[in-house]
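In: Build me a model:
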Amino acid sequence: GGIMMWPLGLLSVTAVVLILLYFLTIRRATVVSDRFMRVAESLIRKRDYLGLVGYAHRRGECIARITQKTLDFATKNPDAQFNEIREVAEAEGSRQASTLNQRISYLADIGAIAPMVGLLGTVFGMIKAFLEINTGNVEVVRQMRLAGGVAEALVTTASGLSIGIISMIFYSVFRGRVQRYLSELEAAATHLLALLGSQFQRAGRYQAQEQSLPSEPPEDYAVPRSQMPAPARPEQADLHGV
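Out: From the prediction side, this is the model:
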């Protein structure tokens, strides 16, 4: 296959390692887990936001990172509007989606590079074949060298195409899996945001009711000063009868 089989071998090993790694890491449990959703819903209903931040920090799911960033912003900025909190969640969700898509893009790169390397090996093989034909003195030797050069060119082409095709097939598989998990991630994040928004609305109504309560009794319930009875005077002693 010639010297170009070395980079093709490296690309093939890299593709195999990436495929095995993606099968182990790109799973639903690493993006959205049912356990995290149950715990997050329970802590949000209890309004234990600091506890949820600590729990999300210990978890590795994508939904945990979104929850952590969102609640970090909400707890550090208590006067922030809910729309601002939603924007933080959407920004972190976009970052997680970009990270997942970028991870699987390496397989697409291998699928595009491997055929080009194989084609380059084909060119080198044909050049080598024609050079050996010119240096040969016997017709049989020329034919054998030409056949060897063409075979080398075809081997590199076949190897590059095989690596590229396999890489693109698995890239398509993982891309479909990532898109499905991202849809579930978006639904889970929307659910937690809606639950968090309802808790914020309840807290806002409770504070508004506390502020609307009067701090002093109304004047209507106070007794007017003009209607208050005059204080009784002490009776004077009858000194004439002594």
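
In: Check the offset of the lowest-mean-pLDDT helix or strand in the chain from the chain's centre.
Out: Lowest mean confidence among the helices and strands of the chain (mean pLDDT, DSSP states H and E): helix 139-212, at a mean of 81. Distance of helix 139-212 from the chain centroid (CA atoms, centre = their mean, to the nearest Å) equals 13 Å.

In: what packs against that helix?
Out: For helix 139-212, the packing partners by 3 or more CB pairs under 8 Å, 6 or more residues apart in numbering; DSSP states H and E come out as helix 5-25, helix 28-31, helix 34-45, helix 62-76, helix 82-135. (Glycine included, C-beta is placed from N, CA and C.)

In: Please identify the most buried of the ones you listed.
Out: helix 62-76 (a mean of 21; mean count of other CB atoms under 10 Å).

In: follow-up on the earlier one: of the helices and strands packed on helix 139-212, which approaches residue 195 most closely?
Out: Taking CB to CB, helix 34-45 is the member of those nearest to residue 195, at 5.2 Å.

In: Whatever helix or strand comes next after the closest one: which residues count as buried?
Out: Using DSSP states H and E, the next helix or strand after helix 34-45 towards the C-terminus is helix 49-58. Neighbour-count burial for helix 49-58 flags 49, 52, 53, 55, 56 (criterion: 16 or more other CB atoms under 10 Å).

In: what about the fourth one, distance to residue 62?
Out: Just to be clear, that refers to residue 55. Per CB to CB, to the nearest Å, residue 55 is found 15 Å from residue 62.

In: try the first one
Out: Spatial separation of residue 49 from residue 62 under the definition CB to CB is 20 Å.
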